[in-house]
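Peer 1: Sequence first, predicted model second:
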Protein chains: 4
Amino acid sequence: MNFASDNVTGISPEIMAALSAANAGVAMPYGQDEYTQRLKTQFNDLFETDVTVFPVATGSAANALALSVMTPPFGAIYCHTESHINVDECGAPEFYTGGAKLVTLPGSQGKILATDLATVLAQAGAGVVHHVQPAAVSLTQATEAGTVYTPDEIGALAEVAKSHRLYLHIDGARFANAVASLGCSPADLTWRAGVDVLCFGATKNGAMAAEAVVFFNQTLAETFGYRRKRSGHLFSKMRFLSAQLLAYIEQDLWLNNANHANQMAQKLAQGLVELPGVELCYPVQANEIFIQLPKALISSLLADGFYFYPWGGENSTTVRLVTAFNTSEADVMAFIEAARRYSSEGLPAVEATF
Amino acid sequence: MNFASDNVTGISPEIMAALSAANAGVAMPYGQDEYTQRLKTQFNDLFETDVTVFPVATGSAANALALSVMTPPFGAIYCHTESHINVDECGAPEFYTGGAKLVTLPGSQGKILATDLATVLAQAGAGVVHHVQPAAVSLTQATEAGTVYTPDEIGALAEVAKSHRLYLHIDGARFANAVASLGCSPADLTWRAGVDVLCFGATKNGAMAAEAVVFFNQTLAETFGYRRKRSGHLFSKMRFLSAQLLAYIEQDLWLNNANHANQMAQKLAQGLVELPGVELCYPVQANEIFIQLPKALISSLLADGFYFYPWGGENSTTVRLVTAFNTSEADVMAFIEAARRYSSEGLPAVEATF
Amino acid sequence: MNFASDNVTGISPEIMAALSAANAGVAMPYGQDEYTQRLKTQFNDLFETDVTVFPVATGSAANALALSVMTPPFGAIYCHTESHINVDECGAPEFYTGGAKLVTLPGSQGKILATDLATVLAQAGAGVVHHVQPAAVSLTQATEAGTVYTPDEIGALAEVAKSHRLYLHIDGARFANAVASLGCSPADLTWRAGVDVLCFGATKNGAMAAEAVVFFNQTLAETFGYRRKRSGHLFSKMRFLSAQLLAYIEQDLWLNNANHANQMAQKLAQGLVELPGVELCYPVQANEIFIQLPKALISSLLADGFYFYPWGGENSTTVRLVTAFNTSEADVMAFIEAARRYSSEGLPAVEATF
Amino acid sequence: MNFASDNVTGISPEIMAALSAANAGVAMPYGQDEYTQRLKTQFNDLFETDVTVFPVATGSAANALALSVMTPPFGAIYCHTESHINVDECGAPEFYTGGAKLVTLPGSQGKILATDLATVLAQAGAGVVHHVQPAAVSLTQATEAGTVYTPDEIGALAEVAKSHRLYLHIDGARFANAVASLGCSPADLTWRAGVDVLCFGATKNGAMAAEAVVFFNQTLAETFGYRRKRSGHLFSKMRFLSAQLLAYIEQDLWLNNANHANQMAQKLAQGLVELPGVELCYPVQANEIFIQLPKALISSLLADGFYFYPWGGENSTTVRLVTAFNTSEADVMAFIEAARRYSSEGLPAVEATF
């Protein structure tokens, strides 16, 4: 049983069926097909406003391309120290922006505070040629700590950003999980709160490889098509990207899959925190659990074939457990049962060998 | 009936089946899956040598990433004036190489001559800081004119390239069609002739979105993984890229599909050249036909629902017809029949409106 | 006697004196000094309009920085095949623009024709994502052939550029020579004809290392300061750049120096064309002479200690002779006398060894 | 009297004289002149080893160009949080490296500790494609806090760097001040301690605009010439850059000027620390003083015409005082006298208005 990541899962059956269906007949290439044409309407409806939407295949591409239209090469993008764009994309934002700088802010539970952002921006040297120029703020929703920003928190950050003329970007690789967690509308969590561009993830939540870059600020979208092509992210047989996203939206998979994953995370967390020596690092608000386990317990679970990642470096006893659209309640219960059993048995001799 | 491009077609049924099959169970992400691991063996066998292979989803990504390891930012890449990398990728090579320059050479039938390359390189200013430095040669195989380079022609170009210490790259979006056309081995057409890196296309020949960057010169592969990640072309659910390529190779689809497409192109060309006022622009050696038709004939065929692209600008009467792995003989015959009928009827009043 | 280039000369005495004078006392750095502040007024007066002006130290920096604000990374810059930006700057425009493409046009006497530009732009694929997007036109004035564009010629090119929404850039490394040659006003040769940005050279015409990037289209200047800093071209002791340009303008050196250099070129050319087997490649309109000489004559002159560059490759008998602000009439006469003498003496045995 | 920066001063008279002298006669361009040729010998002697040396005109250019050969685009450069390359160059390193990432380390007195570097590198994810790859370490010598690294400290950092295969770069804008302070040899402070590339500053210490990029690791120098040209930093009249550096070295200006500046800083600091409410932020080891003064004292001194920069943001009472090669003892004494006077008089009513 694999709790390593939501990208070890396969494809939602509905999306696989949509791919098969889209294979019927010919379709004009590069987005001139009817699937891609239909996307705009679907996203307009979903977000209750007029948006411009571009499908791409990976989250790193979505983020880097989105940021490339939000900053000049001499710009600064403000983001959390632990953010995926800063830590896990091998410098993709720097590449796509022509060398803009990610300026990082710490913040508990994976979140940037509006007051911290305000402090940093006040000293950023806007207008002074010696310094990179504040251009954009990027938030991850749900965060890298498995928490979520509320609409109010996003609104407060947006207000600071706007008052300094910065754009606001959301890395929404797990945006659906955040919406499911908060029970609010996608609109409340984005443009109504001041978001300019959302990278709306589908890959981690049941698609094969599909993300939608959604522009609420449509002026920013003007050069996106050229940048997507020039980075090799314009698919010739685009219908197969768009068909994934259509199924994801039209069949409510985005929300249903996320709801399921979130519920499995809740159940798993609740089962584990009751055990001795176990402590949550952060509140579990989406589909990721960061949790401290006794070292011996980690060893036993891994030895038993449960798969998950250690977290936080060499001497840490934190692990990350991720649930997904297709995590079964049986798997969750099996994990909890095993953990209970090992806990009650006391320390085994096995050493964890990550 | 659509002869516009080999990317208006869908996916080979065998590849769609492979995608479905790959959806069973969990798989570690980012290429740590068994499908991706198997690719290397398959490509070693196919090319009769030890290669390093990286799957990506688009031809532009494959080319631009491959070129990015073959030139410094101040380098020059020599290619045909009409080459896809120069004309149809919105500057992707310049983006990925950090601003290297494409130096173009004309050449009949879409091919660069070794003697022309030698002449240009002799005057290129190697070692002089004022000039971009010769770094790589890129050929398209099959060419943008629907012709193919023979192993000897590639060998001669490679010899010139090597004598100036340049790397040799092949844009093989239709490489399978070239192999099918020449009846030679993939090895003879690549590393045995001096090729360093091949972008081995599958998308135009039956895959959904899959290309393999194949390194014969494995030293060049060292930084590729980082560059792929940093450009957003590393898929998390990589198994679905690799599964396409595995089916493509293991089931001989690459060659069978290409053979079929080439044969349909031959049949179509033969049927058309017999008509009055019709002339081939280039010999038909792969699955593309560039052909001059009477203007009235073009109009009539388009009006009749046949779909294809005009070529060569506003006043040209050249059109491009492309066949694919699933072009049916019936469609080809229908096209020829219609063309015959319109030709014998004389000029219709309809005007072409591309 | 050295006719190799106008950069083998030293500094105009007036400019050296200005450097010494500027060394008195302290001055705030990075352009906050009084010299730099005064530049704007001087350039406003010189060009009879309100301009924004930035000093930099080299022509390649001036051109590349200017172009970097005139095109997106996916843009195309149209220029002459032989233009300095295309041939002699080791890819600086590509570097500074983030990978824009130089699209070259041939043209006799070093000039692009407006009609050729119109033809190329009509087929450039504006608005189509597969192609780099037309963004700017760059002209060299005086040209790399030692000729000059008239205000009318520039106006015609500007009209084509504007009708396609392209910006117009002038590489004016020898702009003063062009003004001296034409006898028109700097305004007539630039913004009145439709020029957006001029790189106004001083280095080749008597400065130590100073060029002014002059924005007639001041909106384009907005990000220039950041780009200059970020490329390392903002001098801390800026007064010494600005002092060169001030002396150059305020003391009319720009025009007087250019006039002298042009006159010396005329005299030299006139003396040489009378000799047998000697032929001008282009009309001499500025301070460069491209001229075909008998091979034996070239050998004799070089053996005699006259220094100049062969031009046009291995088997060419063309040479380039460049005059400068401090070329003496005596040197010109000595060159002509020597050429006459060798011509009348017949072929010497010495072989040219460039 | 201006203590704002060592770039508000003019040019050392010896260097101005050298510029005048270099103006005699013609000289081949782009570094083919005798001045530039002589540089190598001088720097070999100065550093007691075989080096490759390139003159450029600004410190930002020197640093960014040096770093561009020490990291791939997907690399990480480790530097102090307050380092000039991170804070004051508007993203020049990111531009020149094609988007490498500066990873910052805090550290007291402007210095990075070897143990901190080791900790960070241990967790950097070397070899993992998701993360930027450790490539280089950059130190500032003297530091941004006016302190100096000892040869031992540099050696310890170099050892950590080498053990992870990283290159070691020194931003030596005030390198001469560090040598003067430590009384060691330039060799001990660089290559003998493990430094690969030194940006040897002259501009802040008496030159007009001249820095030398000195390669101890000569393999790294291979592409530097192309990169310098392509960034517009190759001067055509190069003799005037080289002549500055020659005078700087041959006449021992580098060390004499630095010694003088350091002594003036010592004298100034000693005079000030005796006053009530005055405290040094860091030990004064070069020519910069960071010092806390009573707010009223700051106001009085500024009102009196002394010029210097406040430091550390809005509510800070820290100021920076910088001495230079031509700071007179009289100016230093005048500053101290004034400070004494205002201190003994008690708080004036004047408010500081920076």
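Peer 2: Nice, thanks for sending it over.

Peer 1: so where's chain A uncertain?
Peer 2: A:346-354 (pLDDT under 70).

Peer 1: do that again at 50, thanks
Peer 2: Across chain A, the stretches falling below the confidence threshold (pLDDT under 50) are A:348-354.

Peer 1: interface residues of it facing chain C?
Peer 2: Where chain A comes near chain C, counting by C-beta under 8 Å from any C-beta of the partner chain, the residues are A:30, A:72-74, A:98, A:129-130, A:133, A:223, A:225-230, A:234. Just so you know, the C-beta spots here come from the backbone N, C-alpha and C atoms, and that holds for glycine as well.

Peer 1: make it 10 Å
Peer 2: Selection of chain A residues close to chain C by C-beta under 10 Å from any C-beta of the partner chain yields A:30-31, A:68, A:72-75, A:96-99, A:127-133, A:222-231, A:234.

Peer 1: are any of those buried, and which?
Peer 2: Among these, the ones that count as buried by 16 or more other C-beta atoms under 10 Å in any protein chain shown are A:30-31, A:68, A:72-75, A:96-99, A:129-133, A:223-231, A:234.

Peer 1: Can you report how many residues lie near residue A:254?
Peer 2: Other residues near residue A:254 number 27, with proximity taken as other C-beta atoms under 10 Å in any protein chain shown.

Peer 1: ok, now residue A:193?
Peer 2: Summarising burial for residue A:193: neighbours were counted as other C-beta under 10 Å, giving 22.

Peer 1: Just to check, it is in contact with residue A:162?
Peer 2: No - with contact defined as C-beta atoms under 10 Å, residue A:193 does not count as touching residue A:162 (11.0 Å).

Peer 1: what's the overlap in contacts for the two?
Peer 2: Between them, residue A:193 and residue A:162 share the neighbouring residues residue A:168, with contact defined by C-beta atoms under 10 Å, 6 or more residues apart in numbering or on different chains.

Peer 1: sorry, back to before: against chain D, which of the buried ones among the residues of chain A next to chain C make the cut? List them.
Peer 2: Residues shared between those and the neighbourhood of chain D are A:72-75, A:96-99, A:129-133 [C-beta under 10 Å from any C-beta].

Peer 1: What is the nearest of those to chain B?
Peer 2: Within those, proximity to chain B (C-beta to the nearest C-beta) peaks at residue A:96, which comes in at 8.0 Å.

Peer 1: so how far is whichever strand or helix holds the closest one off the chain centroid?
Peer 2: With elements taken from DSSP states H and E, the one containing residue A:96 is helix A:92-97. Centroid separation for helix A:92-97 versus its chain: 18 Å, with C-alpha atoms, centre = their mean, to the nearest Å.

Peer 1: what pairs with whatever helix or strand comes next after that helix, and is each one parallel or antiparallel?
Peer 2: On the C-terminal side of helix A:92-97, the nearest following helix or strand under DSSP H and E is strand A:101-105. Strand A:101-105 has its sheet partners listed here by DSSP bridges as strand A:75-80 (parallel).

Peer 1: which bits of the stretch 151-300 of chain A sit near chain B?
Peer 2: Residues of the stretch 151-300 of chain A found near chain B (C-beta under 10 Å from any C-beta) are A:173, A:203-204, A:207-209, A:211, A:225-241.

Peer 1: cutoff 6 Å now
Peer 2: A:208-209, A:226, A:229-230, A:232, A:235-237, A:240 (C-beta under 6 Å from any C-beta of the partner chain).

Peer 1: now for the residues you listed, which pair is the farthest apart?
Peer 2: Based on C-beta to C-beta, the longest span within those runs between A:208 and A:226 and measures 25.9 Å.

Peer 1: Listing partners with orientation, what would you give for the top strand by length along chain A?
Peer 2: In terms of residue count, the longest strand belonging to chain A (DSSP state E) is strand A:133-140. Under the criterion DSSP bridges, strand A:133-140 sits next to strand A:75-80 (parallel), strand A:167-172 (parallel) in its sheet.

Peer 1: What is whichever helix or strand comes after it packed up against?
Peer 2: Scanning forward in sequence from strand A:133-140 by DSSP H and E, the next helix or strand is helix A:151-163. Identification of packing neighbours for helix A:151-163 by 3 or more C-beta pairs under 6 Å, 6 or more residues apart in numbering or on different chains; DSSP states H and E yields helix A:114-122.

Peer 1: redo that, cut-off 8 Å
Peer 2: Contacts defined by 3 or more C-beta pairs under 8 Å, 6 or more residues apart in numbering or on different chains; DSSP states H and E place helix A:151-163 against helix A:114-122, strand A:133-140, strand A:167-172.

Peer 1: got the contact list for that helix?
Peer 2: A:111-112, A:114, A:117-118, A:121, A:136-137, A:139, A:141, A:149, A:167-168, A:182, A:184, A:188-190, A:192-195 (C-beta atoms under 8 Å, 6 or more residues apart in numbering or on different chains).

Peer 1: Enumerate the positions of that helix that are buried.
Peer 2: For helix A:151-163, a neighbour-count test (16+ other C-beta under 10 Å) marks A:151, A:153-158, A:160-161 as buried.

Peer 1: can you check stretch A:15-35 too?
Peer 2: A:15-16, A:18-20, A:22-23, A:26-31, A:33, A:35.

Peer 1: what's the distance between that stretch and the middle of its chain?
Peer 2: Going by C-alpha atoms, centre = their mean, where stretch A:15-35 is centred and where its chain is centred differ by 26 Å.

Peer 1: End to end on it, go ahead and measure it.
Peer 2: Between the opening and closing residues of stretch A:15-35 lies a distance of 14 Å (C-alpha to C-alpha, to the nearest Å).

Peer 1: repeat for stretch A:270-288
Peer 2: From the first residue to the last, stretch A:270-288 extends over 13 Å; the measure is C-alpha to C-alpha.

Peer 1: repeat for stretch A:24-44
Peer 2: Across stretch A:24-44, the terminal residues are separated by 27 Å (C-alpha to C-alpha).

Peer 1: who's in contact with it?
Peer 2: Applying C-beta under 8 Å, 6+ apart, the contact partners of stretch A:24-44 are A:22, A:50-53, A:55, A:212, A:214, A:234-239, A:241-243, A:245-246, A:249-250, B:2, B:4-5, B:7-10, C:129-130.

Peer 1: Please repeat the previous calculation with a cut-off of 7 Å.
Peer 2: Under the criterion C-beta atoms under 7 Å, 6 or more residues apart in numbering or on different chains, residues A:22, A:50-51, A:53, A:55, A:212, A:214, A:234, A:236-239, A:242-243, A:245-246, A:249-250, B:2, B:5, B:7-9 lie in contact with stretch A:24-44.

Peer 1: same deal with stretch A:90-99?
Peer 2: Here stretch A:90-99 makes contact (C-beta under 7 Å, 6+ apart) with A:60, A:63-65, A:67-68, A:71, A:73, A:77, A:85, A:100, A:102, A:231, B:226, B:229-232, C:73, C:98, D:73-74, D:91, D:94-95, D:99, D:101, D:129-132.

Peer 1: if we take the ones next to chain D among the buried ones among the residues of chain A next to chain C, which one ends up nearest to chain D?
Peer 2: Looking at these and their distance to chain D, the nearest is residue A:99, at 3.5 Å (C-beta to the nearest C-beta).
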